[in-house]
Each structure stands twice: as C-alpha cells, then as structure tokens.
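Asker: turn this into a structure:
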Amino acid sequence: MIKHIVMWKLRNKADAEIIKDNLEALVGKIPGLLKVEVGIDFSDSEQSADVVLYSELESREALAAYQSHPDHQAVIPLVKAAAVSRVVVDYEV
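Answerer: Next up is the predicted model:
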C-alpha cells in the first residue's frame, strides 16, 4: 500500500473548503484510490500548512494512474492557483 500525503499553504485560506470538496470528490472515481482524507488547519501558526491531503492507494502503479487520471488532473489547476507552496511525501507500507 502507498500513502500519499500533500500539504499546501494557501494565498487565501477561504479557498480551503473548495479544495477539500474537490479532493474528497475523487473517492470512487479513480481505480486503486482506497482512501482520501482532507484536513483544514485550525492552528494558523507560521509553521503550519493550511490544507493536508492524506490518501491511500493500492500500489505505486495506482499512484501513477491517480496522478494522470483526468478527474485528478481537473483539480490541479484549482489547487495550483490557490497555493503558494506544496510539500509531498509518498511512501510504501
């Protein structure tokens, strides 16, 4: 299993809900995507990100398919326009 975690700092934290809704809507649309959890930070510290995506995928191949899937690709411009920074970690368990 692959865990795919992404954190974004946003220009405007008001965009967090729409990002959350769009990412959570991917569940059931992309083969191999087992779980999606999106959190919005409440601490507002200088070190915190504003939004975090935690997802589980069946395999590295499923992660690659997820990344190129049209439904995922449709969300990317929305997130890129809202984000000032992005950090990602992918690991296998």
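
Asker: mind showing which ranges of this structure have poor pLDDT?
Answerer: Counting by pLDDT under 70, not a single residue of the chain qualifies.

Asker: so where do the strands sit in it?
Answerer: 2-10, 33-40, 51-57, 83-92 (DSSP state E).

Asker: any chance of the ones you listed in JSON lines, with distance to Asn22 too?
Answerer: For glycine as for every other residue, the C-beta is placed from the backbone atoms N, C-alpha and C. Formatted as JSON lines, those follow (distance: least, C-beta to C-beta, whole Å):
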{"stretch": "strand 2-10", "distance to Asn22": "13"}
{"stretch": "strand 33-40", "distance to Asn22": "9"}
{"stretch": "strand 51-57", "distance to Asn22": "11"}
{"stretch": "strand 83-92", "distance to Asn22": "13"}
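
Asker: the helix ranked longest in the chain: how far from the chain's middle?
Answerer: Ordering each helix of the chain by length in residues (DSSP state H) puts helix 70-82 first. On the basis of C-alpha atoms, centre = their mean, to the nearest Å, helix 70-82 sits 10 Å off its chain's mean C-alpha point.

Asker: how many neighbours does the spatially closest residue to Met7 that is not a sequence neighbour have?
Answerer: Nearest non-adjacent residue to Met7, counting by C-beta to C-beta, 6 or more residues apart in numbering: Ala49, 3.7 Å away. Here the count is done by other C-beta atoms under 10 Å, and Ala49 has 18 residues near it.

Asker: from the centroid of this structure, which residue is nearest?
Answerer: Nearest to the mean C-alpha position of the chain, counting by C-alpha atoms, centre = their mean, stands Leu53 at 3.8 Å.
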